[in-house]
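> Show me how the following folds:
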Amino acid sequence: MAAARFSAGFDLSEVQTAFNLLEEATWSHAMDGLPTEDFGPAIALIGTVFGAGKDALARAYVANAARLHGESVDPA
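Numbers count the residues shown, from 1 in each chain. Predicted coordinates:
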């Protein structure tokens, strides 16, 4: 996903925003559809999955940018 979006010219912030929207939809769906006693495990799973996903996405995107631009990548 990161490589495809980088190649298509999307900015990292746009890719992260889309990922955040997916996370919000997941939270909403989970909280609407789960019994209260399942909230704890769901929070742990959703947080873990999306945290790892965001990290992997950002690292892969930056790796693509570094390969293309070398040392000239501006992290800001």
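
> so where's this protein shaky on pLDDT?
Along the chain, segments meeting pLDDT under 70 span 69-76.

> Determine which residue lies closest to the centroid of it.
Central residue of the chain (C-alpha atoms, centre = their mean): residue 54, 3.2 Å from the mean position.

> Nearest spatial neighbour of it, chain-adjacent residues omitted?
residue 19 (6.0 Å; C-beta to C-beta, 6 or more residues apart in numbering). For the C-beta atoms, the positions are set from N, CA and C on the backbone; glycine is no exception.

> Measure how buried the one you found is and give me the count.
17 (other C-beta atoms under 10 Å).

> roughly how far apart are it and residue 41?
Note on residue 19: its distance to residue 41, by C-beta to C-beta, to the nearest Å, is 22 Å.

> and residue 34, how far is that from residue 16?
26 Å.

> List the buried residues in stretch 43-54.
Going by neighbour count (16 or more other C-beta atoms under 10 Å), the buried part of stretch 43-54 is 46, 50.

> Over to stretch 21-34?
Quick answer for stretch 21-34 (16+ other C-beta under 10 Å): residue 23.

> what comes into contact with it?
39, 42, 46, 50 (C-beta atoms under 8 Å, 6 or more residues apart in numbering).

> Sticking with residue 10, tell me its helix or strand.
Element membership of residue 10, judged by DSSP states H and E, is empty: it is in no helix or strand.
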